[in-house]
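Novice: generate coordinates for the sequence data below:
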Amino acid sequence: MKKFTALLVSMLVVFLIGCQVNFTTTTRTTNTITQTTTTTTIDLSRLYSEVYARIYEELYESVRQEVIANMSQEQFDTLYEQVIGEITTRIQNGEITVSPQTVIERLIAVANESANTVVGISNYDGSGNLVGTGSGVLYRKVGDKYYVITNEHVVKDGTTFEVVFEDGSTIQAILRGVDALVDIAVLYFTSSETYPIATFGDSEVVQKGDLILAVGNPSGFKYYGSATLGIVSGVERYFDTDGDGARDMFVNYIQHDAAINKGNSGGALFDLNGNVIGINVIKISSVEIEGMGFAIPSGLAATLADEIIEFGFSNRMVYLGVGFYDLSSLTAEDRASLVPPIPSNLTQGFYVISTDSRGSLFGSVQQGDVILQVGAIVVENSVQFVKERFATYRVGDVISIVIWRNGETLTIENIVLKSRS
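Specialist: Residues are numbered from 1 along each chain as shown. Here you go, the predicted structure:
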């Protein structure tokens, strides 16, 4: 028991010591937000419980499951009190600093600190004319070289580039490479100055309803570093950009309602911990639509950026080059309108409506085919397929596909996977 207690306490100390433990305090009201300045009295007993609850959730439960079979509830309760006592002692000794922090304070901290990792990007053509401006995120520093993530469309058609800082100073940057399919580009510049580097968070844990801040340079550098507040409206979004009913954008976008405009492209989407969870890329706007922005998940952006930094290009994103309907999402009415028609028992797969000559499947599939399997990936739905494709295949791989065509199931072999470029 003593050894086990010591193990738990030491693990808790490693988890907590030297850290500032922040607690978000919120007050729920109806259609009203009131901010007041008050003197806060900390309820230590509640605080200790909250500290323990967080540790319990992340660490203690896994340990408990291993030993509970050989420990009575009374022994477990005793151990609990010992752990709480150790935490209390360390808080009182000043080894653990605890400070309550409101949502508003966290938002201000992100806007004033993490936002400094977002810079401006200027794009010039061969004649020195300004093609356009956008935003970028300081991603990595190697020696005196800084790497900046932005969108491919921010640097498109440019030959020279500048990174623009808030004080108006600029520094020439070089394009390292792009991934046109996902719309990611990486620039780099060298400097002896010290600039803050963004922390990229885990976009896999982002969920609908999370509070976020979008930071970028809408409508040029006059509004440099604008921060706008919103929530995550949805995850794993795919959408039709040309109105033909087929999904064209095949990245599992984070949808949010923070205000973004032209110039925000390439800027950061932050969570309340100041982590980059996405790279803003597109906004849908019309008379009928408002508040629909999309960001490339940080995990995908970072993966592609790492490959571009290392190789100058990314072989990660394969371009199939087909427009299609996802059968799993079609209504009975939609299915009835398909020409040529498909049997009622065919409920999963991609119904091909167009092909792109640049794509991997050009010449292998035709309008009216249903793609049932791509390599080892059996098509269930768009979300599942995109995730598995990203994890399984790269440009240059040779695969076979299985399709349904005119009542027959066919296997087409020796297909070389291509990029969009």
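Novice: domain ranges for the chain, per the record?
Specialist: 2-100, 113-314, 322-416 (automatic domain parsing).
Novice: so which of those domains is nearest residue 106?
Specialist: domain 113-314 (4.6 Å; C-beta to C-beta). Quick note: C-beta positions are derived from backbone N, CA and C, even for glycine.
Novice: now mean pLDDT too, for the domains of the chain, in TSV please.
Specialist: Converted to TSV, these look like this (pLDDT from 0 to 100):
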stretch	mean pLDDT
domain 2-100	57
domain 113-314	89
domain 322-416	91
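Novice: save these as a markdown table, and put in mean neighbour count and distance to residue 107 too.
Specialist: What follows is the domains of the chain, written out as a markdown table (neighbours: other C-beta atoms under 10 Å; distance: least, C-beta to C-beta, whole Å):
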| stretch | mean neighbour count | distance to residue 107 |
| --- | --- | --- |
| domain 2-100 | 12 | 11 |
| domain 113-314 | 19 | 7 |
| domain 322-416 | 16 | 31 |
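Novice: pipe these into JSON lines and attach distance to residue 106 per row.
Specialist: Shown next, in JSON lines, are the domains of the chain (distance: least, C-beta to C-beta, whole Å):
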{"stretch": "domain 2-100", "distance to residue 106": "7"}
{"stretch": "domain 113-314", "distance to residue 106": "5"}
{"stretch": "domain 322-416", "distance to residue 106": "31"}
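Novice: who's residue 163 bridged to?
Specialist: Using DSSP bridges, the bridge partners assigned to residue 163 are residue 121, residue 171.
Novice: my bad, should have said residue 374
Specialist: Applying DSSP bridges, one finds that residue 374 bridges with residue 377, residue 401.
Novice: thought residue 264 was touching residue 220?
Specialist: No. At 11.0 Å, residue 264 does not count as touching residue 220 under the criterion of C-beta atoms under 8 Å.
Novice: please enumerate the shared neighbours of the two.
Specialist: Overlap of the contact sets of residue 264 and residue 220 (by C-beta atoms under 8 Å, 6 or more residues apart in numbering) is empty.
Novice: separation between residue 293 and residue 364?
Specialist: Using C-beta to C-beta, to the nearest Å, residue 293 is found at 36 Å from residue 364.
Novice: ok, residue 296 next?
Specialist: Using C-beta to C-beta, residue 296 is found at 29 Å from residue 364.
Novice: next: residue 351.
Specialist: 15 Å.
Novice: likewise residue 274?
Specialist: Residue 274 is 46 Å from residue 364, by C-beta to C-beta.
Novice: again, but for residue 345
Specialist: 24 Å.
Novice: now swap in residue 377 and tell me
Specialist: Counting by C-beta to C-beta, the gap from residue 377 to residue 364 is 16 Å.
Novice: go on, residue 111?
Specialist: 50 Å.
Novice: same check on residue 186?
Specialist: 32 Å.
Novice: check residue 403 too.
Specialist: On the measure of C-beta to C-beta, residue 403 and residue 364 end up 8 Å apart.
Novice: joint contacts of the two?
Specialist: Common neighbours of residue 403 and residue 364 (C-beta under 8 Å, 6+ apart) are residue 412.
Novice: list the contacts of residue 419.
Specialist: In this structure, residue 419 makes contact with 179-181, 315, 317-319, 395, judged by C-beta under 8 Å, 6+ apart.
Novice: wasn't residue 419 part of a strand?
Specialist: No. Residue 419 is assigned coil when assessed by DSSP: H, G, I helix; E, B strand; the rest coil, not a strand.
Novice: mind jotting down where the helices sit in the stretch 1-150 of the chain?
Specialist: For the stretch 1-150 of the chain, applying DSSP state H, counting those that start in this stretch gives helices covering 2-16, 44-55, 61-67, 73-92, 103-112.
Novice: let me see the ranges of the strands in the stretch 101-250 of the chain.
Specialist: Assigned by DSSP state E, counting those that start in this stretch, the stretch 101-250 of the chain shows strands spanning 118-124, 130-142, 145-150, 160-164, 170-179, 184-190, 199-200, 211-216, 226-239, 249-256.
Novice: which residues touch the residue most central in space within the chain?
Specialist: Centroid check for the chain by C-alpha atoms, centre = their mean gives residue 297 as the closest residue, at 1.9 Å. Going by C-beta under 8 Å, 6+ apart, residue 297 touches 203-204, 206, 251-254, 277-278.
Novice: contact partners for the residue lying closest to it once chain neighbours are set aside?
Specialist: Using C-beta to C-beta, 6 or more residues apart in numbering and skipping the chain neighbours, the partner closest in space to residue 297 is residue 203 (3.6 Å). For residue 203, the contact set (C-beta under 8 Å, 6+ apart) comprises 254, 277-278, 297-300.
Novice: I'd like those written out as JSON lines, with distance to residue 149 and secondary structure added.
Specialist: Formatted as JSON lines, those follow (distance: C-beta to C-beta, whole Å; DSSP: H, G, I helix; E, B strand; the rest coil):
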{"residue": "254", "distance to residue 149": "15", "secondary structure": "strand"}
{"residue": "277", "distance to residue 149": "13", "secondary structure": "strand"}
{"residue": "278", "distance to residue 149": "11", "secondary structure": "strand"}
{"residue": "297", "distance to residue 149": "13", "secondary structure": "strand"}
{"residue": "298", "distance to residue 149": "9", "secondary structure": "helix"}
{"residue": "299", "distance to residue 149": "13", "secondary structure": "helix"}
{"residue": "300", "distance to residue 149": "11", "secondary structure": "helix"}
